[in-house]
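[1] let's see this in three dimensions:
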Amino acid sequence: MNQEVILSEEELRKFKIKRTIGNIGIYVFLVIVALFIIIPFYWMLATALRSEVELQQTKISFFPKEWVFANFKSAIDYASNKGANFFLFYGNTILVGFLTTLGTLITTILAAFAFARLNFKGKEVIFSILLATMMIPGEIFVISNYATISSWGMKNTYAALVLPFITSVFYIFFLRQTFRQIPNELYLAAKVDGTSDFKYLWKVMIPMAKSTITSITILSMMGSWNAYVWPNLVSEKDHYLVSNGLLSIYKDVDGTGQILSLQMAAATMITVPLLIVFLILRKQIMRGVSRSGIKG
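    Got it, this is the predicted structure:
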């Protein structure tokens with residue numbers, strides 16, 4: 001039974017004041033968080049457009065005194081003079097990211113479907129063990145993975161950069177939550193009609209979980225794009241990704257420091273494509289995250 005709540009004029013005024021103060025507090029907090037995120041990107045771009053002379057000064061202004069757009073071309077030329085191909089690093093990163101993401105999608109979709117729909121002995125125990133592995137820091141696996149890759153003679157190969165990362169327990173859990181939201185009656189009806197599990201997965205579950213799968217694709221690609229520690233261990237210059245090439249090439253003549261303007265120019269060229277993709281597909285990411293957060 002609905003009951004109308006009647007507020008006096010004074011109570012209504014106090015309510016509006018409290019709501020306004022609350023909204024102001026929320027917006028102030030969001031602005032502060034946005035500044036923490038935006039300022040580093042701005043400083044990277046501003047540094048990329050400064051001259052080396054300005055960067056060597058004790059005090060650096062918030063805006064560049066001289067906008068040196070030639071730093072972007074100089075960054076590519078400098079890499080070539082050092083015997084490295086800046087675009088080769090781009091190509092390596094795209095290839096490794098594509099293969100890693102493809103492998104991640106295959107293993108994630110199949111595993112999430114099995115844990116969400118199929119009934120087999122020990123399913124919950126196995127899934128609990130997989131979730132428990134998420135509490136183990138990823139750095140611990142580096143040692144065992146490195147020993148395995150070395151014993152297989154796969155160092156400085158694309159396989160070494162791809163194989164350890166073609167599955168993710170978090171993504172399996174993430175997609176499983178979305179799959180569990182799809183009514184089980186659809187699966188039972190499909191089985192009555194003689195539909196195979198793979199056909200049901202391809203025709204029903206994957207289209208209905210498109211937003212979450214898109215989110216996993218983007219996040220996996222971003223992880224490969226930003227990878228540094230593992231590629232630095234198992235690859236050499238011809239297999240470097242953009243992150244490794246960025247730190248290894250743009251050093252001064254003596255090798256004691258970094259040519260900051262060229263390094264930031266290269267970092268900007270590396271970051272901008274990823275930001276563009278993220279901005280274009282941000283709605284898909286948010287939709288996938290929100291759907292997976294609903295209890296299935």
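
[2] show me what counts as buried in stretch 60-74.
    Neighbour counts over stretch 60-74 (16 or more other CB atoms under 10 Å) mark 64, 68, 71-72, 74 as buried. From N, CA and C alone the C-beta is placed, and that goes for glycine too.

[3] quick check, nearest of those residues to residue 159?
    Closest approach between those and residue 159, by CB to CB: residue 72, at 33.1 Å.

[4] what's near enough to touch that closest one?
    Contact analysis of residue 72 by CB atoms under 8 Å, 6 or more residues apart in numbering lists 48, 265, 268-269.

[5] buried among the residues you listed? Make that a PyMOL selection.
    Here is the PyMOL command that picks out the buried ones among those, judged by 16+ other CB under 10 Å:
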select buried, resi 48+265+268+269
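
[6] how about the contacts of residue 72 in CSV, adding distance to residue 30 and secondary structure?
    Below are these laid out as CSV (distance: CB to CB, whole Å; DSSP: H, G, I helix; E, B strand; the rest coil):
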residue, distance to residue 30, secondary structure
48, 28, helix
265, 31, helix
268, 26, helix
269, 30, helix
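
[7] between the contacts of residue 72, which is nearest residue 155?
    For the contacts of residue 72, the nearest to residue 155 is residue 269 (28.2 Å; CB to CB).

[8] just give the closest residue to that closest one, not the sequence neighbours.
    Nearest residue to residue 269, sequence neighbours excluded (CB to CB, 6 or more residues apart in numbering): residue 72, at 6.4 Å.

[9] what pLDDT does the model give the one you found?
    Per-residue pLDDT puts residue 72 at 87.

[10] looking only at pLDDT, what's the mean for the helix or strand containing residue 212?
    Secondary structure assignment for residue 212, by DSSP states H and E: helix 210-226. For helix 210-226, mean pLDDT is 86.

[11] which strands or helices does it pack on?
    helix 86-116, helix 169-179, helix 242-249, helix 260-280, helix 282-292 (3 or more CB pairs under 8 Å, 6 or more residues apart in numbering; DSSP states H and E).

[12] for residue 157, which of the ones you listed is the nearest?
    helix 86-116 (10.8 Å).

[13] in that closest one, what counts as buried?
    86, 88-90, 92-97, 99-101, 103-105, 108-109, 111-116.

[14] right, I'll leave it there.
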